[in-house]
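Enquirer: one predicted model, sequence on top.
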Amino acid sequence: KLGIKDRSDTAWNLSQYERIHEGMKEEFEIEDRFEHIEFKLNLIQQNAKFFLEVLHAQKTNSLEWIIIVLISFECSLMCLEMSGLGGTFFQAILPYST
């Protein structure tokens with residue numbers, strides 16, 4: 001855990017150190033810097049989620065096209081078989097099969 005924004009135990013016990021601690025936080029603009037860092041990290045997180053969704057959509061799209069091609073091939077083989085040309089077609093392609 002990063003304790004930059006939290007007060008130290010010494011600052012809680014002695015008021016003079018509490019003023020120094022608050023002064024240093026203001027001097028180094030700790031709150032503003034943390035807000036900027038948090039904003040940038042949220043932006044990076046949103047971009048990463050977006051790109052992961054795009055990659056997932058591309059993969060899904062590719063798989064859908066593969067399925068469509070395979071179903072089309074199976075339908076054409078079924079049509080050949082139903083027309084009666086399937087036996088001669090397969091004999092011409094695979095002459096050594098039984």
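Expert: Great, that's in hand. Nothing here was measured: the structure is a model prediction, and the numbers come from that model. Residues are numbered from 1 along each chain as shown.

Enquirer: F34: how many residues sit nearby?
Expert: F34: 13 surrounding residues under other CB atoms under 10 Å. Every C-beta, even on glycine, is put in place using the N, C-alpha and C of the backbone.

Enquirer: so after the strand or helix carrying it, what's the next helix or strand?
Expert: Using DSSP states H and E, F34 falls within helix 30-83. Downstream of helix 30-83, the first helix or strand assigned by DSSP H and E is helix 86-93.

Enquirer: got the angle between that next one and helix 30-83?
Expert: If you take axes from the mean of the first three to the mean of the last three CA atoms, to 10 degrees, helix 86-93 sits at 110 degrees to helix 30-83.

Enquirer: chain center to helix 86-93, what's the gap?
Expert: A distance of 47 Å separates the centroid of the chain from that of helix 86-93, by CA atoms, centre = their mean, to the nearest Å.

Enquirer: and I93, how far is that from S83?
Expert: 16 Å (CB to CB, to the nearest Å).

Enquirer: in the protein, which segments are predicted with low confidence?
Expert: 1-5, 7-8, 10-12, 96-98 (pLDDT under 70).

Enquirer: ok, 50 please
Expert: Scanning the chain for pLDDT under 50 picks out the ranges 1.

Enquirer: F39 versus the most centrally placed residue in it, what's the distance?
Expert: With distances taken as CA atoms, centre = their mean, the residue of the chain nearest its centroid is L52 (2.4 Å). Distance of L52 to F39, given as CB to CB: 21 Å.

Enquirer: and C79, by the same measure?
Expert: 60 Å.

Enquirer: equivalent analysis for E74, please.
Expert: From E74 over to F39 the distance is 53 Å, taken as CB to CB.

Enquirer: and for L55?
Expert: L55 sits at a distance of 25 Å from F39 (criterion: CB to CB).

Enquirer: and what of I66?
Expert: I66 sits 41 Å away from F39, going by CB to CB.

Enquirer: please apply the same query to T60.
Expert: Taking CB to CB, one finds T60 at 32 Å from F39.

Enquirer: same thing with M24?
Expert: Per CB to CB, M24 is found 23 Å from F39.

Enquirer: this completes my enquiry, with thanks.
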